[in-house]
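Student: below are the sequence and a predicted model; questions follow.
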Amino acid sequence: MPRTPFDVFFTGPAREHLLRAVREALAEDGPDVAANAVFGAGDVLRAEIVAKEDTVLAGLPLLPIILAEAETVVKADTAPAGLPPAPVIPAATDAPAPVQCNAQVFAFTPDGACRENHSVFRLLGPTCRVRGGAPAAGGVKTKRCTVPGAWESTACAEDGDCLSAGTVAAAVTGSARVVLRAERVILNFLCRLSGIAALTRKYVNALEGTGVQLLDTRKTAPGLRYPDKYAVLAGGGRNHRKTLGELPMLKDTHIEAAGGITPAVQRLRAHLPAGAPLEVECRTSAEALEAAACGVSRIMLDNMRPEMVGTTLDMLPSHVEIEISGGIALDNIRSFASAGAKRRADFISVGRITHSAPAADFSMRICR
(Lines give C-alpha, C1' and ligand atoms only; values in the text may rest on other atoms or scores of the structure.)
Protein backbone atom coordinates (compact mmCIF):
# COMPACT_ATOMS: atom_id res chain seq x y z
CA MET A 1 0.00 0.00 0.00
CA PRO A 2 1.29 3.55 -0.71
CA ARG A 3 3.03 5.38 2.12
CA THR A 4 3.39 9.08 2.80
CA PRO A 5 7.02 10.01 3.57
CA PHE A 6 7.48 11.48 7.00
CA ASP A 7 9.11 14.70 5.80
CA VAL A 8 6.42 15.22 3.14
CA PHE A 9 3.67 14.99 5.75
CA PHE A 10 5.43 17.10 8.38
CA THR A 11 5.79 20.43 6.61
CA GLY A 12 4.40 23.86 7.51
CA PRO A 13 1.96 23.81 10.44
CA ALA A 14 2.30 20.03 10.82
CA ARG A 15 6.04 20.35 11.45
CA GLU A 16 5.53 23.23 13.85
CA HIS A 17 3.02 21.23 15.89
CA LEU A 18 5.30 18.20 15.88
CA LEU A 19 8.32 20.10 17.16
CA ARG A 20 6.18 21.76 19.80
CA ALA A 21 4.94 18.34 20.98
CA VAL A 22 8.49 16.96 21.17
CA ARG A 23 9.78 19.96 23.08
CA GLU A 24 6.84 19.88 25.48
CA ALA A 25 7.40 16.18 26.15
CA LEU A 26 11.05 16.81 26.98
CA ALA A 27 10.13 19.81 29.14
CA GLU A 28 7.61 17.74 31.10
CA ASP A 29 10.39 15.35 32.18
CA GLY A 30 12.64 18.13 33.42
CA PRO A 31 16.39 17.62 33.98
CA ASP A 32 17.60 14.02 34.28
CA VAL A 33 19.37 14.45 37.61
CA ALA A 34 20.30 10.77 37.86
CA ALA A 35 21.87 10.53 34.39
CA ASN A 36 23.75 13.81 34.82
CA ALA A 37 25.14 12.57 38.14
CA VAL A 38 26.04 9.00 37.16
CA PHE A 39 27.33 9.57 33.62
CA GLY A 40 30.17 11.88 32.77
CA ALA A 41 30.33 14.18 29.80
CA GLY A 42 32.56 11.71 27.98
CA ASP A 43 30.40 8.63 28.56
CA VAL A 44 28.86 7.15 25.41
CA LEU A 45 26.02 4.62 25.19
CA ARG A 46 24.80 2.41 22.38
CA ALA A 47 21.18 1.36 22.54
CA GLU A 48 18.70 -0.54 20.39
CA ILE A 49 14.98 0.14 19.99
CA VAL A 50 13.26 -3.26 20.11
CA ALA A 51 9.66 -4.25 19.37
CA LYS A 52 8.38 -6.42 22.22
CA GLU A 53 5.28 -7.54 20.33
CA ASP A 54 4.05 -7.86 16.76
CA THR A 55 3.06 -4.41 15.52
CA VAL A 56 3.09 -1.95 12.62
CA LEU A 57 5.88 0.59 12.89
CA ALA A 58 5.11 4.32 12.93
CA GLY A 59 7.15 7.30 14.10
CA LEU A 60 10.68 5.99 13.62
CA PRO A 61 11.89 9.16 11.80
CA LEU A 62 11.17 11.00 15.07
CA LEU A 63 14.33 9.54 16.59
CA PRO A 64 16.80 12.09 15.16
CA ILE A 65 14.37 14.92 15.88
CA ILE A 66 13.97 13.92 19.52
CA LEU A 67 17.71 13.30 19.94
CA ALA A 68 18.54 16.72 18.52
CA GLU A 69 16.09 18.40 20.86
CA ALA A 70 17.35 16.30 23.77
CA GLU A 71 20.91 17.43 23.05
CA THR A 72 19.76 21.04 23.34
CA VAL A 73 18.03 20.53 26.68
CA VAL A 74 20.92 18.48 28.11
CA LYS A 75 23.28 21.34 27.37
CA ALA A 76 20.86 23.71 29.08
CA ASP A 77 20.41 21.30 32.02
CA THR A 78 24.13 20.83 32.67
CA ALA A 79 25.46 24.30 31.92
CA PRO A 80 24.12 25.99 35.09
CA ALA A 81 25.72 23.30 37.25
CA GLY A 82 29.06 23.75 35.58
CA LEU A 83 29.10 20.26 34.14
CA PRO A 84 31.10 19.61 30.96
CA PRO A 85 29.31 19.66 27.57
CA ALA A 86 28.29 16.49 25.69
CA PRO A 87 31.12 14.62 23.95
CA VAL A 88 31.97 14.97 20.29
CA ILE A 89 31.52 11.90 18.10
CA PRO A 90 33.84 12.22 15.09
CA ALA A 91 31.96 12.43 11.81
CA ALA A 92 32.99 10.33 8.82
CA THR A 93 35.29 12.11 6.37
CA ASP A 94 34.65 10.03 3.27
CA ALA A 95 31.29 11.52 2.29
CA PRO A 96 31.09 13.06 -1.20
CA ALA A 97 29.88 16.55 -2.04
CA PRO A 98 26.34 17.55 -1.03
CA VAL A 99 23.50 16.34 -3.25
CA GLN A 100 19.75 16.82 -3.21
CA CYS A 101 17.64 14.09 -1.59
CA ASN A 102 14.30 15.07 -3.17
CA ALA A 103 13.33 16.88 0.03
CA GLN A 104 13.10 13.53 1.82
CA VAL A 105 15.92 13.78 4.30
CA PHE A 106 14.70 10.87 6.37
CA ALA A 107 13.01 8.83 3.63
CA PHE A 108 14.46 5.34 3.27
CA THR A 109 16.25 4.66 -0.02
CA PRO A 110 18.25 1.57 -1.05
CA ASP A 111 21.82 1.70 0.23
CA GLY A 112 21.26 5.31 1.36
CA ALA A 113 22.88 7.04 4.31
CA CYS A 114 21.98 10.63 5.08
CA ARG A 115 24.42 12.92 6.83
CA GLU A 116 23.72 16.57 7.57
CA ASN A 117 24.82 19.37 9.83
CA HIS A 118 22.94 20.26 12.98
CA SER A 119 21.36 23.53 11.83
CA VAL A 120 20.03 22.12 8.58
CA PHE A 121 18.68 19.08 10.42
CA ARG A 122 16.71 21.19 12.84
CA LEU A 123 14.87 22.74 9.90
CA LEU A 124 14.25 19.34 8.29
CA GLY A 125 15.89 20.79 5.19
CA PRO A 126 16.33 18.93 1.90
CA THR A 127 20.12 19.06 1.56
CA CYS A 128 22.25 16.17 2.75
CA ARG A 129 25.31 14.19 1.78
CA VAL A 130 24.81 10.61 0.74
CA ARG A 131 27.20 7.72 0.76
CA GLY A 132 26.73 4.03 0.06
CA GLY A 133 25.51 1.87 2.90
CA ALA A 134 25.90 -1.82 3.56
CA PRO A 135 23.16 -4.32 4.43
CA ALA A 136 22.80 -5.00 8.14
CA ALA A 137 22.58 -8.49 9.58
CA GLY A 138 19.97 -10.52 7.77
CA GLY A 139 20.20 -8.39 4.65
CA VAL A 140 18.12 -5.52 6.03
CA LYS A 141 19.11 -2.14 4.62
CA THR A 142 19.92 0.47 7.22
CA LYS A 143 19.75 4.24 7.15
CA ARG A 144 22.16 6.35 9.19
CA CYS A 145 21.76 9.97 10.19
CA THR A 146 24.58 11.63 12.11
CA VAL A 147 24.69 14.98 13.82
CA PRO A 148 28.32 15.82 14.62
CA GLY A 149 28.91 16.38 18.30
CA ALA A 150 26.26 14.33 20.03
CA TRP A 151 24.73 11.18 18.55
CA GLU A 152 24.13 8.87 15.65
CA SER A 153 20.96 6.94 14.83
CA THR A 154 20.53 4.01 12.46
CA ALA A 155 17.09 2.88 11.32
CA CYS A 156 16.61 -0.77 10.40
CA ALA A 157 12.98 -0.57 9.24
CA GLU A 158 10.49 1.83 7.66
CA ASP A 159 7.26 3.26 8.97
CA GLY A 160 4.46 1.00 7.79
CA ASP A 161 6.53 -2.17 8.15
CA CYS A 162 5.09 -5.10 10.09
CA LEU A 163 7.50 -5.92 12.91
CA SER A 164 7.56 -9.18 14.81
CA ALA A 165 8.37 -9.35 18.51
CA GLY A 166 12.10 -9.06 19.10
CA THR A 167 12.82 -7.04 15.95
CA VAL A 168 15.40 -4.28 16.30
CA ALA A 169 13.85 -1.20 14.71
CA ALA A 170 16.77 1.19 15.24
CA ALA A 171 20.06 1.74 17.02
CA VAL A 172 21.32 4.89 18.73
CA THR A 173 24.88 5.76 19.76
CA GLY A 174 25.84 8.93 21.57
CA SER A 175 26.24 10.86 24.77
CA ALA A 176 24.76 8.84 27.62
CA ARG A 177 23.11 11.97 28.93
CA VAL A 178 21.47 12.72 25.57
CA VAL A 179 20.38 9.14 24.87
CA LEU A 180 18.82 8.70 28.31
CA ARG A 181 17.16 12.11 28.23
CA ALA A 182 15.51 11.15 24.94
CA GLU A 183 14.66 7.54 25.86
CA ARG A 184 11.19 7.88 27.34
CA VAL A 185 10.05 10.50 24.82
CA ILE A 186 11.18 8.28 21.93
CA LEU A 187 9.41 5.25 23.38
CA ASN A 188 6.22 7.15 24.18
CA PHE A 189 5.91 8.39 20.61
CA LEU A 190 6.80 5.04 19.07
CA CYS A 191 4.41 3.10 21.30
CA ARG A 192 1.48 5.44 20.67
CA LEU A 193 1.96 5.91 16.94
CA SER A 194 2.72 2.25 16.25
CA GLY A 195 -0.38 1.27 18.23
CA ILE A 196 -2.49 3.54 16.03
CA ALA A 197 -0.86 2.17 12.89
CA ALA A 198 -1.42 -1.44 13.99
CA LEU A 199 -5.11 -0.92 14.74
CA THR A 200 -5.56 1.03 11.51
CA ARG A 201 -4.01 -1.85 9.57
CA LYS A 202 -6.58 -4.26 11.07
CA TYR A 203 -9.44 -2.07 9.86
CA VAL A 204 -7.85 -1.63 6.43
CA ASN A 205 -7.47 -5.40 6.13
CA ALA A 206 -11.11 -5.87 7.14
CA LEU A 207 -12.13 -3.62 4.21
CA GLU A 208 -9.96 -5.41 1.67
CA GLY A 209 -11.78 -6.08 -1.59
CA THR A 210 -14.76 -3.81 -0.85
CA GLY A 211 -13.41 -0.68 -2.54
CA VAL A 212 -14.29 1.37 0.55
CA GLN A 213 -11.53 3.49 2.05
CA LEU A 214 -10.85 3.92 5.76
CA LEU A 215 -10.79 7.47 7.14
CA ASP A 216 -9.72 8.78 10.52
CA THR A 217 -11.43 11.57 12.48
CA ARG A 218 -10.39 14.52 14.63
CA LYS A 219 -10.67 12.32 17.74
CA THR A 220 -6.95 12.54 18.42
CA ALA A 221 -4.93 13.24 21.56
CA PRO A 222 -4.67 16.96 22.38
CA GLY A 223 -1.45 18.31 20.92
CA LEU A 224 -0.85 15.17 18.86
CA ARG A 225 -3.28 15.73 15.97
CA TYR A 226 -0.60 15.53 13.29
CA PRO A 227 1.44 12.62 14.69
CA ASP A 228 -1.75 10.62 15.24
CA LYS A 229 -2.93 11.25 11.70
CA TYR A 230 0.50 10.41 10.30
CA ALA A 231 0.29 7.07 12.12
CA VAL A 232 -3.03 6.38 10.39
CA LEU A 233 -1.30 6.83 7.05
CA ALA A 234 1.48 4.48 8.15
CA GLY A 235 -1.19 1.90 8.90
CA GLY A 236 -2.72 2.25 5.43
CA GLY A 237 -5.68 4.51 6.25
CA ARG A 238 -6.48 7.98 4.93
CA ASN A 239 -6.86 11.31 6.69
CA HIS A 240 -10.33 12.85 6.74
CA ARG A 241 -9.47 16.41 7.67
CA LYS A 242 -6.73 17.80 9.86
CA THR A 243 -8.43 21.10 10.60
CA LEU A 244 -12.00 22.40 10.67
CA GLY A 245 -11.34 24.50 7.59
CA GLU A 246 -9.90 21.69 5.46
CA LEU A 247 -13.35 20.31 4.61
CA PRO A 248 -16.17 22.39 6.10
CA MET A 249 -18.84 20.12 7.57
CA LEU A 250 -22.36 20.88 8.70
CA LYS A 251 -23.27 18.82 11.76
CA ASP A 252 -26.57 18.52 13.59
CA THR A 253 -25.79 21.55 15.78
CA HIS A 254 -25.34 23.81 12.74
CA ILE A 255 -28.37 22.36 10.96
CA GLU A 256 -30.69 22.84 13.93
CA ALA A 257 -29.46 26.39 14.51
CA ALA A 258 -30.01 27.31 10.84
CA GLY A 259 -33.46 25.75 10.71
CA GLY A 260 -32.66 22.85 8.41
CA ILE A 261 -30.14 21.45 5.95
CA THR A 262 -31.00 23.73 3.03
CA PRO A 263 -30.63 27.05 4.90
CA ALA A 264 -27.49 25.74 6.63
CA VAL A 265 -25.90 24.89 3.28
CA GLN A 266 -26.87 28.30 1.91
CA ARG A 267 -25.28 30.10 4.87
CA LEU A 268 -22.08 28.09 4.66
CA ARG A 269 -21.73 28.58 0.90
CA ALA A 270 -21.98 32.34 1.41
CA HIS A 271 -18.70 32.10 3.34
CA LEU A 272 -16.87 29.77 0.93
CA PRO A 273 -15.32 30.24 -2.51
CA ALA A 274 -17.56 29.20 -5.37
CA GLY A 275 -17.48 25.45 -5.89
CA ALA A 276 -15.69 24.72 -2.61
CA PRO A 277 -16.40 21.20 -1.30
CA LEU A 278 -18.50 20.75 1.80
CA GLU A 279 -19.92 17.84 3.74
CA VAL A 280 -23.25 17.41 5.52
CA GLU A 281 -23.91 15.02 8.39
CA CYS A 282 -27.23 13.23 7.94
CA ARG A 283 -29.09 10.98 10.39
CA THR A 284 -32.01 9.90 8.19
CA SER A 285 -32.64 9.03 4.55
CA ALA A 286 -34.75 12.18 4.17
CA GLU A 287 -31.90 14.38 5.39
CA ALA A 288 -29.49 12.66 2.98
CA LEU A 289 -31.86 13.28 0.05
CA GLU A 290 -32.20 16.94 1.02
CA ALA A 291 -28.43 17.32 1.22
CA ALA A 292 -28.02 15.69 -2.18
CA ALA A 293 -30.62 18.08 -3.62
CA CYS A 294 -28.48 20.96 -2.32
CA GLY A 295 -25.59 19.72 -4.47
CA VAL A 296 -23.14 19.06 -1.63
CA SER A 297 -19.96 17.16 -2.46
CA ARG A 298 -20.10 14.61 0.37
CA ILE A 299 -22.77 13.23 2.67
CA MET A 300 -22.02 11.53 5.97
CA LEU A 301 -24.50 8.84 6.99
CA ASP A 302 -24.18 9.09 10.75
CA ASN A 303 -25.11 6.40 13.26
CA MET A 304 -27.33 4.42 10.86
CA ARG A 305 -27.71 0.65 10.94
CA PRO A 306 -26.33 -1.26 7.94
CA GLU A 307 -29.85 -1.91 6.59
CA MET A 308 -30.72 1.80 6.66
CA VAL A 309 -27.34 2.65 5.13
CA GLY A 310 -28.04 0.31 2.22
CA THR A 311 -31.51 1.74 1.61
CA THR A 312 -30.22 5.32 1.73
CA LEU A 313 -27.25 4.61 -0.52
CA ASP A 314 -29.51 3.28 -3.26
CA MET A 315 -31.46 6.56 -3.21
CA LEU A 316 -28.46 8.83 -3.67
CA PRO A 317 -26.79 9.90 -6.94
CA SER A 318 -23.47 8.24 -7.70
CA HIS A 319 -21.55 11.51 -8.11
CA VAL A 320 -22.03 12.43 -4.44
CA GLU A 321 -19.38 10.96 -2.15
CA ILE A 322 -20.78 8.97 0.75
CA GLU A 323 -19.10 8.52 4.11
CA ILE A 324 -20.40 6.17 6.80
CA SER A 325 -19.64 6.97 10.42
CA GLY A 326 -20.75 6.04 13.92
CA GLY A 327 -20.89 2.67 15.62
CA ILE A 328 -18.22 1.11 13.42
CA ALA A 329 -16.14 -1.74 14.85
CA LEU A 330 -13.98 -4.52 13.46
CA ASP A 331 -16.80 -7.01 13.76
CA ASN A 332 -19.30 -4.98 11.72
CA ILE A 333 -17.28 -2.76 9.39
CA ARG A 334 -17.58 -5.17 6.48
CA SER A 335 -21.38 -5.25 6.74
CA PHE A 336 -21.41 -1.45 6.42
CA ALA A 337 -18.96 -1.58 3.52
CA SER A 338 -21.12 -4.09 1.62
CA ALA A 339 -24.41 -2.22 2.21
CA GLY A 340 -26.28 -1.03 -0.86
CA ALA A 341 -27.50 -2.90 -3.95
CA LYS A 342 -26.91 -0.14 -6.53
CA ARG A 343 -23.81 1.53 -5.06
CA ARG A 344 -21.41 1.32 -2.16
CA ALA A 345 -20.11 3.98 0.17
CA ASP A 346 -16.83 5.68 -0.69
CA PHE A 347 -15.50 6.00 2.85
CA ILE A 348 -15.97 4.71 6.37
CA SER A 349 -14.59 6.89 9.17
CA VAL A 350 -13.59 5.34 12.49
CA GLY A 351 -12.70 7.40 15.55
CA ARG A 352 -11.44 4.51 17.64
CA ILE A 353 -8.32 3.99 15.49
CA THR A 354 -6.89 7.10 17.15
CA HIS A 355 -8.80 7.58 20.40
CA SER A 356 -8.82 3.96 21.53
CA ALA A 357 -5.81 2.29 19.94
CA PRO A 358 -3.81 0.26 22.49
CA ALA A 359 -0.19 1.34 22.69
CA ALA A 360 2.37 -0.93 21.07
CA ASP A 361 5.21 -2.20 23.24
CA PHE A 362 8.79 -1.08 22.51
CA SER A 363 11.83 -0.95 24.75
CA MET A 364 15.26 0.61 24.58
CA ARG A 365 17.94 -2.00 25.20
CA ILE A 366 21.37 -0.76 26.27
CA CYS A 367 24.13 -2.67 24.45
CA ARG A 368 27.04 -3.63 26.70
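Tutor: Yep, that arrived. Residues are numbered from 1 along each chain as shown.
Student: between the two ends of stretch 342-349, how far is it?
Tutor: By CA to CA, to the nearest Å, the extent of stretch 342-349 from end to end equals 21 Å.
Student: max-length helix in this protein?
Tutor: Using DSSP state H to define each element, the chain has its longest helix at helix 176-206.
Student: following it, which helix or strand shows up next?
Tutor: strand 213-215 (DSSP states H and E).
Student: report how many residues lie close to G275.
Tutor: For G275, the neighbour count with other CB atoms under 10 Å is 7. Every C-beta, even on glycine, is put in place using the N, C-alpha and C of the backbone.
Student: give the buried residues for the longest helix of the chain.
Tutor: 176-187, 189-201, 203-204, 206 (16 or more other CB atoms under 10 Å).
Student: how about stretch 276-294?
Tutor: Across stretch 276-294, burial judged by 16+ other CB under 10 Å covers 278-283, 285, 287-292, 294.
Student: report the two of these separated the most.
Tutor: L278 and S285 (20.0 Å; CB to CB).
Student: picking up where we left off before, let me see the mean pLDDT of the longest helix of the chain.
Tutor: Averaged across helix 176-206, the pLDDT comes to 97.
Student: and that helix, how far out from the chain middle?
Tutor: The chain centre lies 10 Å from the centre of helix 176-206; the measure is CA atoms, centre = their mean, to the nearest Å.
Student: contacts for stretch 215-228?
Tutor: Outside stretch 215-228, the residues within contact range by CB atoms under 8 Å, 6 or more residues apart in numbering are 9-10, 13-14, 17-18, 20-21, 24, 59, 62, 189, 192-193, 196, 200, 229, 232, 237-242, 323, 325, 347-355.
Student: just the buried subset of those residues, please.
Tutor: Buried, going by 16+ other CB under 10 Å: 9-10, 14, 17-18, 21, 59, 62, 189, 192-193, 196, 200, 229, 232, 237-242, 323, 325, 347-351, 353-354, out of these.
Student: now the residue nearest to V179 when sequence neighbours are not counted. Its backbone dihedrals?
Tutor: Using CB to CB, 6 or more residues apart in numbering and skipping residues adjacent in sequence, the residue nearest V179 is L45, 4.9 Å away. Dihedral pair for L45: phi -120, psi 150, per degrees, to the nearest 10.
Student: pretty sure I299 sits against E279.
Tutor: Yes: counting by CB atoms under 8 Å, E279 is a contact partner of I299 at 7.1 Å.
Student: which residues are in contact with both of these two?
Tutor: E323.
Student: which residues touch the most centrally placed residue in the chain?
Tutor: Note on the chain: the residue nearest the mean C-alpha position is Y230, at 2.1 Å, using CA atoms, centre = their mean. Neighbouring residues of Y230 by CB under 8 Å, 6+ apart: T4, F6, F9, F10, A14, A58, G59, L193.
Student: quick check: the fifth one vs L224, distance?
Tutor: As for A14, its distance to L224 is 12 Å (criterion: CB to CB, to the nearest Å).
Student: show me the domain layout of the chain.
Tutor: Domains of the chain are assigned by automatic domain parsing as 6-196+358-366, 203-355.
Student: partner residues bridging the residue nearest to V179?
Tutor: For L45, the beta-bridge partners are G174 (DSSP bridges).
Student: just list the residues touching it, thanks.
Tutor: F39, V172, T173, G174, S175, A176, V179, L180, I366, C367.
Student: can I get those in a markdown table with distance to D252?
Tutor: Output for the contacts of L45, formatted as a markdown table (distance: CB to CB, whole Å):
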| residue | distance to D252 |
| --- | --- |
| F39 | 57 |
| V172 | 49 |
| T173 | 55 |
| G174 | 53 |
| S175 | 54 |
| A176 | 55 |
| V179 | 50 |
| L180 | 50 |
| I366 | 53 |
| C367 | 56 |
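Student: what subset of the residues you listed is buried?
Tutor: Buried among those (16+ other CB under 10 Å): F39, V172, T173, G174, S175, A176, V179, L180.
Student: now, which of those residues sits nearest A51?
Tutor: Distances from A51 to the buried ones among the contacts of L45, taken by CB to CB, are shortest for V172, at 15.2 Å.
Student: tell me the secondary structure of the closest one, please.
Tutor: strand (DSSP: H, G, I helix; E, B strand; the rest coil).
Student: same deal with A35?
Tutor: helix.
Student: pretty sure it contacts L180?
Tutor: Yes: using CB under 8 Å, A35 is in contact with L180, at 4.3 Å.
Student: identify the contacts common to these two.
Tutor: Counting by CB under 8 Å, 6+ apart, nothing touches both A35 and L180.
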